[in-house]
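S.K.: Got a predicted model here, sequence first, then my questions.
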Amino acid sequence: MVADAITRYIASIQIDILTEIEVLLDNPVIYLVVLVGLLLLGEKRQMKRLKIAVAMGIALFMALLVNVGMAVDRPCADIDGALCPILFSFPSIHCTMAFILMISFTNKKLFPAYMLFALFIAFSRLNLGVHVFRDVVGALIIALLAYNVTYIAWKRWKCG
């Protein structure tokens with residue numbers, strides 16, 4: 001697979017401590033714990049937490065549907081000996097979840113921290129060579145759609 005210029009540039013950056021953090025966050029269980037922790041730290045209202053969790057669930061469902069439906073091979077799939085995740089490449093599930101969290105905090109003081117987290121996750125997926133830039137963009141689009149679907153459904157549910 002031929003990577004775009006953005007992907008090639010980010011993949012060329014080699015900083016040991018970043019790679020160690022990226023590999024740690026690549027683990028789905030650790031990543032889930034981090035996401036839940038960030039949700040609980042950033043939002044104190046139970047109903048808002050629930051709304052974000054629903055948005056994350058919808059986003060995950062949408063992303064998995066597209067991921068399996070399109071079955072785009074990962075850039076690491078052609079590399080012998082590479083630690084390549086099981087699912088397909090498009091869209092990035094890690095990025096989808098990070099973007100949902102970021103979007104959920106758009107109107108909060110902590111938004112810059114959540115944006116930096118989402119950008120770091122996007123960077124990490126490219127830097128590890130498990131995604132290309134289009135996978136990150138696809139994740140952002142799915143996160144936006146999922147959050148808006150959740151927002152509309154939540155509003156209708158709350159208003160009766």
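M.R.: Looks like it came in fine. Numbers count the residues shown, from 1 in each chain.
S.K.: low pLDDT regions in the chain?
M.R.: 1-2, 81, 160 (pLDDT under 70).
S.K.: tell me what whichever strand or helix holds A63 is packed against?
M.R.: When elements are defined using DSSP states H and E, A63 is found to belong to helix 46-70. Other helices and strands packing on helix 46-70, by 3 or more C-beta pairs under 8 Å, 6 or more residues apart in numbering; DSSP states H and E, are helix 28-42, helix 93-104, helix 133-159. No exception for glycine: its C-beta is placed from N, CA and C like everyone else's.
S.K.: please redo it, this time with the cut-off set to 7 Å
M.R.: Packed against helix 46-70 by the contact rule (3 or more C-beta pairs under 7 Å, 6 or more residues apart in numbering; DSSP states H and E) you find helix 93-104, helix 133-159.
S.K.: Am I right that A143 is in contact with H94?
M.R.: No. Because the distance of 11.3 Å does not satisfy C-beta atoms under 7 Å, A143 is recorded as not touching H94.
S.K.: which residues are common contacts for those two?
M.R.: With contacts taken as C-beta atoms under 7 Å, 6 or more residues apart in numbering, A143 and H94 have no neighbour in common.
S.K.: still on that earlier bit, how about the helix holding A63: buried residues?
M.R.: For helix 46-70, a neighbour-count test (16 or more other C-beta atoms under 10 Å) marks 48-49, 51-56, 58-60, 62-63, 66-67 as buried.
S.K.: leaving aside the residues next to it on the chain, what's closest to the residue nearest the centre of the chain?
M.R.: By C-alpha atoms, centre = their mean, the mean C-alpha position of the chain lies nearest to C95, the distance being 1.7 Å. Leaving aside its sequence neighbours, C95 sits nearest to A139 (C-beta to C-beta, 6 or more residues apart in numbering; 3.5 Å).
S.K.: Spatially, what comes nearest to I6 if we skip its sequence neighbours?
M.R.: Closest residue to I6 in three dimensions, ignoring its sequence neighbours and counting by C-beta to C-beta, 6+ apart: F133, at 4.5 Å.
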